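>>> no sequence for this one, just the structure:
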C-alpha cells in the first residue's frame, strides 16, 4: 500500500499542494481525479521522487520511499516522451535494464509487452514513425518495462481507441490481482467509475474526497430517489419532498407517464425512508408505477458536486 | 507467459551500474547514427589526405617530367648547362627573339629564351611563355644549390612547435566540439521529449549525467585514437618515420590530458545545455564553452615561438590539454611539470563536474523558458 501524508508544495505564489493525504491500497485500482491544475501531476511527481515536497512524506508498505524503493515504481508522466530516433523495442528494453532487469530478459520482456499492447509488428520502428495512438501504447509499455512494484500513471488512457482502453484496463487489472497498487489519473470519469475500486478527488491542491468508489457514490447520493410513475403534480404536493426534477423527456410526460428525481428532506435515514414510502403510496394512488428506487449519482455528478462546492474557496484563494 | 508476469531475475543497481548503462546507450546510439559514421570518415580521409598530398604533389624534383619541356632558344642566348639533359628539355634553336616568341605563340614550344640585359639577380636572357612559365624550366633556370642539413626538421622547414600546436589543437578542438555538441544535443532532446522524467524516476540525476559524460568521453577518445592512428599509419606508410618516432611515446601525455580535459568540458556542456528545453536554443546556451574550446587551438598557434607564454599556458586548465603535451614532445618541460599541470586540470575538472551536475539536476525538470545560470546554481 502506498500512503501519502500531508504533502505540501508551493511553486512561487501558487500553493500547488496543501496537506494532501490519501492511500493507494493494493487489491484494486485507484482513480485520481481532479480538474486541470488541481495538483494531480505534482502529487504523482512527488510520489515518484522526481519532485521534492515542501512538507509531507510518502510511504510504501509502511516504509519511507527512498530512491531504491521508488526506482522499482512504474511511471507514466503527464508529458509524454520517448527517444524519437530509437527503435521501440530497444527503448523499452533499455528502460527495463535501468530498472535492474538483465539485458536478455529485458529484451524478451519488451517484445512481450509491446506485442500485448498491439505493437508486435512495430518492434523495430523508430518511435517518431509511430502514430500518436501507438506512441501512447509504447509509453504504457515504458511504464511497465521494469516489472513495477507500484504503478503511477498520469492519464494513461488519453488518446487510446476503445479496444486499446480495454487492453490497458485488463493489463492494469492483472497487476492489481498480483497485489501491486496502481493509481492513475484521468478526465474520462465514466472510465474511472467503471475501472476503479478506490477514488481520490483533488481540487486546488486539497483532497476533497477519498475512499472506495461505492462509499463515495453512496455518500453523495443524499436522500434521493428516482421514480417512474404517473404524470401530474401529485409529487410536488407530497410533504417532505424537495428538489423535484423531471428526468424523463417531455414525450414521456405527454404520454401520461414521467420520471422524477426528488430529495426526501429528513433529519435521518429512517425519516427519509418513511417519506419515500409515502411518495410511493401517493404514486400508486395516482397511477401505475414502473420503477422506484434510491438514486445513485454517477461519478461525473459526484465530481461536479465536489468541484462546485469548492468554487467559493477558489475565489478566496 | 503473460506480459505482466514478474521478472524474477531483477537486481538492484547502484549508481555506477546505472551510469554505465546510460553510457552504453549513448555509445550504441551514436555509433549507429549516420552523421557520426560520415563525420568520422570525413575526418580520417582529411587527415590521411593532408599527410599524403604534399608528398604526391610536391615530389622532390629528382624525377624528369613525363614529357620533356620544349624550349626555343633565340640566337644570342647562351644555353644554360642545366637545360642540357634531353630527358628533361627539348631545345629548338630560333633565329631571333621574334621567331622564338612566334614559336611560343603558335604552341610549337612551351617557352622561349630571348636575350635580355643581365642584372645581378637575373641572367642575360628572359623567359617568354604563353600563360604561365613552366615550373620545371623555372626550377632548372634558378638552380639553387643542394643543401645538406645536419639537423633537419621533419616538417620541411616549419617549426616543430607550430606544427604540433596546429595538429593537437585542431584535433582537440574538433573532437571536443563534436562530442560536446552531442552531449548538449542529447541532454536537450531528453528534456524536450520529456523522457527525462521517466529516466529520473529510475536513475539518479548524477548517474544520468555521469553516464552521458562517460559514454561521450569514450567516444571522443575512440575517435581521437582512430584519427591519430590513421595519421601515424599514413606517416609510416609515406616514409616520414622521423615524425612517427618523435610522437609515439609523449603521445600518451596527450591522451591523459585529453581525456581529463574532455570530461571537464563534457560536464559543462551537459550542465549548460540543460538550461534550455529546445534544440534551437543549444547554440546560445553552450556559447561560453564553445569559446573556451577554441582557446587551446588558437593561443598556442599564436604563441608557439614564445617559450615563456607557452610555459604559462601549459598550466592553465583546458589549454594545458594541448600545450603541456607539446612541451613534453619538444623537450622544453620537465616530467614533473606535466604532473603538476595534470593535477591542476584534475582539480578544475572536479569543480566543473560539481558545477555541471548542480546545474543539471536543478534545471532538468524545468521545461519552458530558459533558466538563468544563476537560478540553476542557487535554486533549491
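Looks like it came in fine. Bear in mind the structure is a predicted one, so any value in this text is a computation, not a measurement.
>>> For chain A, identify the residue most remote from the centre.
residue A:285 (43.0 Å; Cα atoms, centre = their mean).
>>> Quick check on residue A:201: phi, psi?
phi -110, psi 130 (degrees, to the nearest 10).
>>> ok, it touching residue A:209?
Yes: in this structure, residue A:201 is within contact of residue A:209 by Cβ atoms under 8 Å, at 4.3 Å. Bear in mind the C-beta positions are built from the backbone N, C-alpha and C, glycine included.
>>> shared neighbours, those two?
Contact with both residue A:201 and residue A:209 is made by residues A:216, A:302, A:306, according to Cβ atoms under 8 Å, 6 or more residues apart in numbering or on different chains.
>>> Spatially nearest residue to the second one (excluding sequence neighbours)?
Spelled out, it's residue A:302. residue A:220 (4.4 Å; Cβ to Cβ, 6 or more residues apart in numbering or on different chains).
>>> got a pLDDT number for the one you found?
For residue A:220, the pLDDT comes out at 80.
>>> For it, give its distance to chain B.
When distance is defined by Cβ to the nearest Cβ, to the nearest Å, residue A:220 is 34 Å away from chain B.
>>> For that residue, list the residues it contacts.
Residue A:220 touches A:297, A:301, A:302, A:305, A:306, counting by Cβ under 8 Å, 6+ apart.
>>> hang on, the fourth one in a helix?
Yes: remark: residue A:305 belongs to a helix, assigned using DSSP: H, G, I helix; E, B strand; the rest coil.
>>> What number of residues are in the vicinity of it?
Around residue A:305 there are 16 other residues, counting by other Cβ atoms under 10 Å in any protein chain shown.
>>> Give me the secondary structure label for the residue of the stretch 151-300 of chain A found nearest chain B.
Of all residues in the stretch 151-300 of chain A, residue A:174 sits closest to chain B, at 4.4 Å by Cβ to the nearest Cβ. With three-state DSSP as the basis, residue A:174 sits in helix.
>>> Quick check: PyMOL command selecting the buried ones in the contacts of residue A:220.
Selection of buried members from the contacts of residue A:220 for PyMOL, criterion 16 or more other Cβ atoms under 10 Å in any protein chain shown:
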select buried, chain A and resi 297+302+305+306
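>>> Show me which of the contacts of residue A:220 is closest to chain B.
Looking across the contacts of residue A:220 and measuring by Cβ to the nearest Cβ, the closest to chain B is residue A:306, at 28.7 Å.
>>> list the contacts for that closest one?
Contacts of residue A:306 (Cβ under 8 Å, 6+ apart): A:201, A:203, A:208, A:209, A:220.
>>> for the fourth one, helix, strand, or coil?
The local conformation at residue A:209, judged by three-state DSSP, is strand.
>>> How many neighbouring residues does it have?
Residue A:209: 19 neighbours (other Cβ under 10 Å).
>>> got a list of what it touches?
By Cβ under 8 Å, 6+ apart, the contact set of residue A:209 is A:199, A:200, A:201, A:216, A:219, A:302, A:306.
>>> from those, which two are the most distant?
A:200 and A:219 (14.0 Å; Cβ to Cβ).
>>> out of those two, which sits in the busier spot?
Neighbour count, other Cβ under 10 Å: between residue A:200 and residue A:219, residue A:200 has more, with 26 against 12.
>>> Reduced to three states, what does that one come out as?
strand.
>>> ok, so what distance separates the nearest residue to residue B:332 once chain neighbours are set aside from chain A?
Once flanking residues are discounted, residue B:332 sits nearest to residue B:307: 6.5 Å by Cβ to Cβ, 6+ apart. Distance of residue B:307 to chain A, computed by Cβ to the nearest Cβ: 49 Å.
>>> Share the number of residues neighbouring residue B:307, please.
Neighbours of residue B:307 under the rule other Cβ under 10 Å: 13.
>>> Residue B:181 now?
Using other Cβ under 10 Å, residue B:181 has 17 other residues around it.
>>> Close to chain A: what parts of the stretch 101-250 of chain B are there?
Residues of the stretch 101-250 of chain B lying near chain A by Cβ under 8 Å from any Cβ of the partner chain: B:189-190, B:192-204.
>>> Tell me how many other residues crowd the nearest residue to residue B:251 once chain neighbours are set aside.
Sequence neighbours aside, residue B:228 is the residue nearest to residue B:251 in space, at 7.0 Å (criterion: Cβ to Cβ, 6+ apart). Neighbour count of residue B:228, defined by other Cβ under 10 Å: 19.
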